[in-house]
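Enquirer: Have a look at this fold, sequence not included:
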């Protein structure tokens, strides 16, 4: 039974035997993410006091303006994971290609790769809105001791061994799963320790919140337009409440606690969708399924999509089970 007074470190040690590849490596990997998150949290929380707000002057591989905090968070996570020699490869939203990690013996003996969005929602940091980090962990498929290849990263989401996010808000939380449910840990900034605050997190089967950028309404597929109209109709527990922050981690976190659906569909401007499959949709979908929710591209399971490229985009519908099923119903009706 989870103890709310447990630290994240204690929880990792106590539960590592549940992990079928229990060798201590995954525990050390989660611990490294915990450390990097504390460093990034410290920088986020003093963002208004130092020159780290605004654009860095560069664009990432997706053609998006990089914020200074994007670059900072990316560097911190990469350095922390690399210096501890616990991964053999890293892929990031902020990097054009994956990074191969070699140890002191110049070999790639480690078993895990990490994919990440180091600072999701960073365009909101200037206005003091919650932002986050998203991470996804896989076992490599290429032989240990050899350099990683693109095949190690282009695995479907159902092969993930762990995933999670950090939300930097009124309190800082790490929410993660290794395939045995979802647990949330809140940082006590006075002593720099994360404590189990949200054991066994679950999406309510039904919800009353829908989260979508309705400014793009005219560009949405007809099925999405029909579902939004359904959400707005007066019947039963409807109309639902519209809540959209514009930070995936923040919107997702609220909906998991209160019950709701997050939608970022394809549009006439972005026919393949906008969110990245490998380091945004897959980890959030993994967490959703581990907590009783669902994640779909509008027609099928996100975790079953076989990736074809590192920065692949897909439509994304994620949240309370019955709400996602209803959205799929409208999508399929409009396509038939």
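Expert: Received it, and whenever you're ready, just let me know what you need. This one's a predicted model, so the numbers in the text were calculated from it and none came from an experiment.
Enquirer: what comes up buried for stretch 16-36?
Expert: By 16 or more other Cβ atoms under 10 Å, the buried positions in stretch 16-36 come out as 16, 19, 25-36. Placement of C-beta: from N, CA and C, glycine included.
Enquirer: Report the mean confidence score over it.
Expert: Mean pLDDT, computed over stretch 16-36, is 79.
Enquirer: chain center to whatever helix or strand residue 32 lives in, what's the gap?
Expert: Assessed by DSSP states H and E, residue 32 sits inside helix 25-45. From the chain centre to the centre of helix 25-45 is a distance of 15 Å (Cα atoms, centre = their mean, to the nearest Å).
Enquirer: For the buried residues of stretch 16-36, work out which two are farthest apart.
Expert: 19 and 36 (20.7 Å; Cβ to Cβ).
Enquirer: Quick one, grab the pLDDT at residue 202.
Expert: 97.
Enquirer: Low-confidence stretches in this structure?
Expert: 1-3, 18-23, 46-67, 103-107, 125, 336 (pLDDT under 70).
Enquirer: want to throw the buried residues of stretch 16-36 into TSV with distance to residue 182?
Expert: Listed next are the buried residues of stretch 16-36 as TSV, based on distance: Cβ to Cβ, whole Å:
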residue	distance to residue 182
16	17
19	15
25	21
26	16
27	17
28	21
29	18
30	14
31	18
32	20
33	15
34	16
35	21
36	20
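Enquirer: Name the nearest of those residues relative to residue 172.
Expert: Once Cβ to Cβ is applied, the member of the buried residues of stretch 16-36 that ends up nearest residue 172 is residue 34, at 10.9 Å.
Enquirer: Quick one: residues contacting the nearest residue to that closest one once chain neighbours are set aside.
Expert: For residue 34, ignoring the flanking residues on the chain, the nearest one in space by Cβ to Cβ, 6 or more residues apart in numbering is residue 8 at 5.9 Å. By Cβ atoms under 8 Å, 6 or more residues apart in numbering, residue 8 lies in contact with 34, 174, 185, 193, 194, 195, 196.
Enquirer: now with 7 Å?
Expert: Counting by Cβ atoms under 7 Å, 6 or more residues apart in numbering, residue 8 makes contact with 34, 174, 185, 194.
Enquirer: Among those, which pair sits farthest apart?
Expert: Across the contacts of residue 8, the longest distance by Cβ to Cβ is 8.4 Å; it joins 34 and 185.
Enquirer: Report the set of residues contacting both of these two.
Expert: Common neighbours of residue 34 and residue 185 (Cβ under 7 Å, 6+ apart) are 8, 174, 194.
Enquirer: Kindly indicate whether the last one is helix, strand or coil.
Expert: The local conformation at residue 194, judged by DSSP: H, G, I helix; E, B strand; the rest coil, is strand.
Enquirer: That one contacts residue 33, doesn't it?
Expert: No - checked against Cβ atoms under 7 Å, the pair residue 194 and residue 33 is beyond contact range at 10.9 Å.
Enquirer: related to what we said a few turns ago, what about the residue nearest to residue 34, distance to residue 320?
Expert: Using Cβ to Cβ, to the nearest Å, residue 8 is found at 27 Å from residue 320.
Enquirer: Give me the neighbour count for residue 205.
Expert: Residue 205 has 14 neighbours, counted by other Cβ atoms under 10 Å.
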